[in-house]
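[1] here you go, sequence then predicted model.
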Amino acid sequence: MIDLHSHVLPGIDDGPPDTGGSEAMLAAAAEAGIETMLATPHVSSRYRNDATTIAAAAEELGAARDGARAPVQVLLGAEVAATRIAELDRDELGGLCLGESPWMLLEPPFASVLTGLDAAVDELHSLGYRVLLAHPERCQAFRREPTLLEALIDRGALGSVTSGSLVGRFGGEAKRMALAMLDAGLAHNVASDAHDPVHRPPSIAAEIEACGWGELREWLTLAVPGAILAGEEIPRRPQVTVRRRRSRLPWRRG
């Protein structure tokens with residue numbers, strides 16, 4: 001599996017404080033069947049990271065892993081807050097994309113109002129980048145008015161759901177939204193958003209199976225992430241049979 005969203009780099013945001021914590025996360029990821037992790041530290045008003053600081057943290061982790069078995073490949077990216085997009089020039093934006101792809105993991109605000117999100121998405125699209133929305137199910141504004149999320153996806157963005165949301169780790173509202181996104185075809189990827197090896201671990205498959213969407217696991221964790229990293233066309237979602245009661249939210253999808 002490919003995990004497109006994790007905070008595995010040491011000492012750079014609210015992920016592990018040191019390389020020991022990072023190594024423990026990578027061991028947990030390997031145990032969970034993850035073969036590739038995207039290191040996506042926050043680039044926000046609180047964590048003023050950039051491509052240079054991210055590369056330095058990755059070099060520190062790489063030095064700690066030298067000579068050790070490394071079953072999990074670590075690629076670089078970032079989780080960029082929508083409020084930072086206007087401040088970053090084109091070269092810096094390019095250095096924050098997932099791997100060497102044109103896709104950026106964009107974090108919408110958690111607030112009930114999506115100030116500036118449309119503008120951030122339009123700006124990235126105008127510069128030739130693509131947008132993967134980080135944990136939209138945890139955004140209050142999307143939960144209050146899901147058609148806002150649908151409009152962004154209709155304009156080319158993709159939705160990346162956090163695995164923990166599928167089993168209620170972020171509350172009932174986030175769980176209902178995440179499941180409804182899968183029902184409505186608005187979720188294209190499930191990622192761990194892991195921060196540590198225990199409380200927010202790098203686990204994906206178990207949560208997908210637990211919520212009843214196991215038939216879609218390969219598409220959510222390998223086919224779509226693989227196409228994103230390769231800069232290729234996103235494969236069509238396969239037809240699956242979900243054996244559970246469907247979620248209800250105020251949108252209608254054809």
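    Noted; the coordinates are in hand.
[2] and residue 221, helix, strand or coil?
    Here residue 221 is recorded as helix under DSSP: H, G, I helix; E, B strand; the rest coil.
[3] roughly how far apart are the residue nearest to it when sequence neighbours are not counted and residue 185?
    Among residues not flanking residue 221 along the chain, residue 1 sits closest, at 4.1 Å (CB to CB, 6 or more residues apart in numbering). The way it works is simple: take the backbone N, C-alpha and C, and place the C-beta from them, glycine included. Relative to residue 185, residue 1 is positioned 21 Å away (CB to CB, to the nearest Å).
[4] so which of these two has more stuff around it?
    It is residue 1, of residue 1 and residue 185, that has more neighbours when counted by other CB atoms under 10 Å, with 23 against 13.
[5] touching, the more buried one and residue 30? I think so.
    No - contact criterion CB atoms under 8 Å: residue 1 and residue 30 do not qualify, at 10.8 Å.
[6] need the overlap of contacts for the two.
    Residues touching both residue 1 and residue 30 by CB atoms under 8 Å, 6 or more residues apart in numbering: none at all.
[7] pLDDT below threshold where in this structure?
    For the chain, applying pLDDT under 70 flags the ranges 67-69, 242-254.
[8] which parts of it are helices?
    19-31, 51-65, 90-94, 117-126, 140-144, 147-154, 172-184, 205-210, 217-218, 224-230 (DSSP state H).
[9] now do the contacts for the residue lying closest to residue 109 once chain neighbours are set aside.
    If the residues on either side of it in the chain are set aside, residue 109 comes closest to residue 82, at 6.5 Å by CB to CB, 6+ apart. Residues near residue 82 by CB under 8 Å, 6+ apart: 106-109, 116-117, 120-121.
[10] what subset of those is buried?
    Burial by neighbour count, 16 or more other CB atoms under 10 Å: within the contacts of residue 82 this picks out 106-109, 116-117, 120-121.
[11] what is the nearest of those to residue 17?
    Distance to residue 17, by CB to CB, is smallest for residue 107 among these, at 21.5 Å.
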